[in-house]
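Participant: Need a 3D model of the sequence below.
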Amino acid sequence: MTEDPNTPEAAAEASAGDSMAELKNQGINLLLDIPLDVSVEVGRTKILVRDLLQLTEGYVIELDKLAGETLDVYVNDRLIARGEAVVVNDKFGLRLTDVVSPAERIENLG
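Facilitator: Purely as a prediction, here's the structure:
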């Protein structure tokens, strides 16, 4: 036996379902406005304070990556993707070549 969709009970159930969906969408929308720090890392190095204080214009700091290697994209200090540098309208940009899988992101939390 099928329930009549015009009964008050059926209407209440439909309304409750709509309300739950609306709450879920509202929750997601609240998250969409959270600001995040995004950074692109060209490479890393360690430097002594003594050497840091002696930096002058033209000084070259050697990084741990080779020229042409992918750049790392971090969101709130968590690696989320890798990519390559591009120039778009005289500005630097980044073309993503690899997005870190959710499993790998969870593995790197520790």
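Participant: Angles on the backbone of V49, please.
Facilitator: V49 adopts backbone torsions of phi -60, psi -40, taken as degrees, to the nearest 10.
Participant: ok, now N108?
Facilitator: Given degrees, to the nearest 10, the pair of backbone angles that N108 has is phi -90, psi 0.
Participant: quick one: contacts for it?
Facilitator: R78, L79, V100 (C-beta atoms under 8 Å, 6 or more residues apart in numbering). Backbone N, C-alpha and C define where each C-beta goes, glycine included.
Participant: how about the residue nearest to the last one when sequence neighbours are not counted, what does it touch?
Facilitator: Here the nearest residue to V100 in space, its sequence neighbours aside, is I80; by C-beta to C-beta, 6 or more residues apart in numbering that works out to 5.4 Å. Contact analysis of I80 by C-beta under 8 Å, 6+ apart lists V73, Y74, V99, V100, R105.
Participant: Wasn't the second one part of a strand?
Facilitator: Okay, so that is Y74. Yes: applying DSSP: H, G, I helix; E, B strand; the rest coil, one finds Y74 inside a strand.
Participant: what's the burial count for it?
Facilitator: The local packing of Y74 (other C-beta atoms under 10 Å) involves 15 other residues.
Participant: follow-up on the earlier one: separate out the buried members of the contacts of N108.
Facilitator: Buried by 16 or more other C-beta atoms under 10 Å: V100, out of the contacts of N108.
Participant: Show only the entries of the contacts of N108 found in strands.
Facilitator: Per DSSP state E, strands hold the following members of the contacts of N108: R78, L79.
Participant: Columns distance to T45 and pLDDT on top of the contacts of N108, output as JSON lines?
Facilitator: Converted to JSON lines, the contacts of N108 look like this (distance: C-beta to C-beta, whole Å; pLDDT from 0 to 100):
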{"residue": "R78", "distance to T45": "21", "pLDDT": "89"}
{"residue": "L79", "distance to T45": "18", "pLDDT": "91"}
{"residue": "V100", "distance to T45": "23", "pLDDT": "91"}
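Participant: Include distance to E41 when you put the contacts of N108 into TSV, please.
Facilitator: Converted to TSV, these look like this (distance: C-beta to C-beta, whole Å):
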residue	distance to E41
R78	12
L79	9
V100	13
